[in-house]
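Engineer: Everything below, folded, please.
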Amino acid sequence: MQYVRNLWDIFAPRVPRILPVSEIWSEASVCDADMAGTRIQLAARITQTAVKTIWTPPGPANRNFLVNEMKPAGPLHLLKNTPLPLPEGPPDYRAVGRHAVFPETTHDEIARLNFLAQMNRHLATRIMPFVKTAWEMRVEPALPEPAKDRHDVRRALSDDPMFQTWSALRRMTMEQRQQAGRWTALRQAEVLAEKAAALTDGDPRLSLDPGARIPRYVGAVDHHTMPGSYHTERFPGDVSAAANYDHAIFATTGGLLGRLTDGAGRGIVRWLGEQMPDFAPRRILEIGATVGQSLLPIATAFPQAEVIAVDLGAPVLRYGLARAKSLGVENVSFVQADGTDLSRYEDASFDWVQTTMFLHELSRSSMRDIFRECFRLLKPGGIMLHVEQPQYSPEMPLFEQAMRDWDSFYNNEPFWSTMHGIDLDALMAEVGFAAENFIHGGVTAVVDKDIFPDAADDETEDYGRKAAWRLVGAKK
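Structural biologist: Modelled structure (predicted):
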């Protein structure tokens, strides 16, 4: 109901006259709409695109969404709509790939994840556009002076009911995703630990450090609202945090990372093949690898290479090796270590050092230390690649910057805002990389298009969720 009220507050001032309810629903005054089930739509020219489905009158169920192609000029209109097929959305959760340590899911657990995936898609495609509408039509015009930066925009939006509605619903999906995923993982935690142990006990490719210290910038944060984050162990051998992350990330991404949630890694391999077709690394390191979802496609593409996954969390490393072995990937080792101090490895000992959607979880000082380690570890001619959401720049509208900052203020990502405002080129130069060797590019997830949506074909912008990233790095 609050959502409907928000929309009315936005559009009502532009209606030439307020129609009584009886007249609004009458056949004569609503462009021949009839009460038997025809859906009508309030639409207005907000930017250069049409506003899409806003609300629906009472009537029999009709699953067709509606769209109005409005001309660039013109005020508010009541228009008859043309039914269109439902847009492509997330696939059924049962299409997700399994492996030996993947949690078993019941009918109800699958239903919860399907609901959350669809809800996230709905928020991105049907609700979020109206936050921009509210900004352009109501919030920005009311500012006493123009916004100077993204923080001014965020503070102004935070008082607006449209932003509040979208933000509360988005936060709700994140909390429910953790509740759903953790319940599934925790109810079978002992069984999952036994399965992981059967695959990893005695395997030299798993190297854990019982004395590893979790830095405060990691231990003090429940990343993505996940209680205990990635590193918490509830009993010896626990892998429940990893199992939660692996099986339920589908709800957040809506399947955009593919069957095995490895679309980012497959996208990196494709980019590398296009940009550096002769690159043949013999030793590869990923820092902050978690369970290795993005790393396994790289290891598979370079089977001759020794591949090392480093992370602070023992649960994700145990699970990661078990997952890799069950998927038939044998050239990856999982090592518990802090990426700011990898002194266990010699100088110039890697051809490729990589992170994937990891920098935003780092403090400023730890990021600088990790960049220094990347430079030290690379052989001459080796490459460093970091895959992340785009950095803020003068070319990026302040509204977009403020929306991308949502994770920092509402999704337990305290370093997100600072990290995306850092000049990464300057940081690379500071640690020793030459400007003429900087690498910049774009990567989208590679998925099975017959089942999963392809981010490259999707014009929806979800400000931080879309499976399309910027790639920044350098050659040594």
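
Engineer: CA only for contacts and neighbour counts going forward, please
Structural biologist: Will do.

Engineer: Could you give the separation of stretch 466-474 from the chain centroid?
Structural biologist: Its chain's C-alpha centre and that of stretch 466-474 lie 12 Å apart, by C-alpha atoms, centre = their mean, to the nearest Å.

Engineer: quick one: average confidence on it?
Structural biologist: Mean pLDDT, stretch 466-474: 93.

Engineer: start at 512 instead
Structural biologist: Fine by me, first position is 512 from now on; the one you just mentioned is stretch 977-985.

Engineer: Restricting to C-alpha, output that stretch in PDB.
Structural biologist: Once non-C-alpha atoms are left out, stretch 977-985 reads as follows in PDB (Å, rounded to 0.1, in the frame of the first residue of the first chain):
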ATOM      1  CA  LYS A 977      24.400  -6.800 -12.300                       C
ATOM      2  CA  ALA A 978      26.900  -9.500 -13.600                       C
ATOM      3  CA  ALA A 979      28.900  -6.900 -15.500                       C
ATOM      4  CA  TRP A 980      32.100  -5.500 -14.100                       C
ATOM      5  CA  ARG A 981      35.100  -3.300 -14.800                       C
ATOM      6  CA  LEU A 982      38.500  -4.900 -15.000                       C
ATOM      7  CA  VAL A 983      41.500  -2.900 -13.800                       C
ATOM      8  CA  GLY A 984      45.100  -4.100 -13.500                       C
ATOM      9  CA  ALA A 985      48.600  -3.800 -14.900                       C
END
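
Engineer: Quick one: residues in contact with that stretch.
Structural biologist: 764, 767-768, 775, 894-901, 935, 939, 944-945, 948-956, 966-967, 971 (C-alpha atoms under 8 Å, 6 or more residues apart in numbering).

Engineer: change it to 6 Å
Structural biologist: Identification of contacts with stretch 977-985 by C-alpha atoms under 6 Å, 6 or more residues apart in numbering yields 894-901, 948-956, 966.

Engineer: Excluding chain neighbours, what is closest to L768?
Structural biologist: Of all residues not flanking L768 in the chain, G774 sits nearest, at 4.5 Å (C-alpha to C-alpha, 6 or more residues apart in numbering).

Engineer: Which element, helix or strand, includes V818?
Structural biologist: Following DSSP states H and E, the helix or strand that holds V818 is strand 817-822.

Engineer: just how off-centre is that strand within its chain?
Structural biologist: Relative to its parent chain, strand 817-822 has a centroid offset of 23 Å by C-alpha atoms, centre = their mean.

Engineer: mind listing what that strand pairs with, with the direction of each?
Structural biologist: Note on strand 817-822: by DSSP bridges, its sheet partners are strand 794-798 (parallel), strand 843-847 (parallel).

Engineer: out of the contacts of stretch 977-985, which are buried?
Structural biologist: Neighbour-count burial (16 or more other C-alpha atoms under 10 Å) is assigned, among the contacts of stretch 977-985, to 894-901, 949-950, 953-956, 966.

Engineer: From those residues, which land in strands?
Structural biologist: Per DSSP state E, strands hold the following members of the buried ones among the contacts of stretch 977-985: 894-899, 949-950, 953-955.

Engineer: now those residues as a markdown table including pLDDT and distance to M868?
Structural biologist: What follows is those, written out as a markdown table (pLDDT from 0 to 100; distance: C-alpha to C-alpha, whole Å):
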| residue | pLDDT | distance to M868 |
| --- | --- | --- |
| I894 | 98 | 17 |
| M895 | 98 | 14 |
| L896 | 98 | 11 |
| H897 | 98 | 8 |
| V898 | 97 | 6 |
| E899 | 97 | 5 |
| F949 | 98 | 19 |
| I950 | 98 | 17 |
| G953 | 95 | 13 |
| V954 | 95 | 12 |
| T955 | 92 | 13 |
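
Engineer: So which of those is the closest to A859?
Structural biologist: Within these, proximity to A859 (C-alpha to C-alpha) peaks at I894, which comes in at 11.3 Å.

Engineer: Let me see the residues that make contact with stretch 618-629.
Structural biologist: Stretch 618-629 is touched from outside by 604, 762, 765, with contacts defined as C-alpha under 6 Å, 6+ apart.

Engineer: So what's the gap between it and the chain middle?
Structural biologist: Worked out by C-alpha atoms, centre = their mean, stretch 618-629 lies 18 Å from the chain centre.

Engineer: Is V846 bridged to anything, and to what?
Structural biologist: Taking DSSP bridges as the rule, V846 bridges to S718, V821.

Engineer: For L710, see how far away L896 is.
Structural biologist: Separation of L896 from L710 (C-alpha to C-alpha, to the nearest Å): 31 Å.

Engineer: for the helix or strand containing A810, packing partners?
Structural biologist: Element membership for A810, per DSSP H and E: helix 806-812. Counting by 3 or more C-alpha pairs under 6 Å, 6 or more residues apart in numbering; DSSP states H and E, the packing neighbours recorded for helix 806-812 are helix 774-786.

Engineer: So what touches the helix it packs on?
Structural biologist: With C-alpha under 6 Å, 6+ apart, helix 774-786 has contacts from 768, 805-806, 808, 954-958.

Engineer: Show the subsequent helix or strand relative to the strand or helix carrying E620.
Structural biologist: Using DSSP H and E, E620 maps to helix 618-633. As assigned by DSSP H and E, the chain's next helix or strand after helix 618-633 is helix 639-645.

Engineer: Counting by contacts, list what the helix ranked longest in the chain packs against.
Structural biologist: Secondary structure of the chain per DSSP state H: the longest helix is helix 672-698. Counting contacts by 3+ C-alpha pairs under 6 Å, 6+ apart, helix 672-698 packs against helix 751-764.

Engineer: elements contacting the helix it packs on?
Structural biologist: helix 618-633, helix 672-698.

Engineer: Direction-wise, compare that helix with helix 618-633 and give the angle.
Structural biologist: 50 degrees (axes from the mean of the first three to the mean of the last three C-alpha atoms, to 10 degrees).

Engineer: Turn the helices and strands packed on helix 751-764 into CSV, including mean pLDDT.
Structural biologist: Listed next are those as CSV, based on pLDDT from 0 to 100:
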stretch, mean pLDDT
helix 618-633, 94
helix 672-698, 96
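
Engineer: Any idea which of those gets closest to A611?
Structural biologist: Closest to A611 of the helices and strands packed on helix 751-764 is helix 672-698 (C-alpha to C-alpha; 14.0 Å).

Engineer: burial count for H618?
Structural biologist: 8 (other C-alpha atoms under 10 Å).

Engineer: which stretches of the protein aren't confidently modelled?
Structural biologist: Low-confidence segments of the chain, defined by pLDDT under 70: 512-599, 966-967.

Engineer: Appreciated, that's everything.
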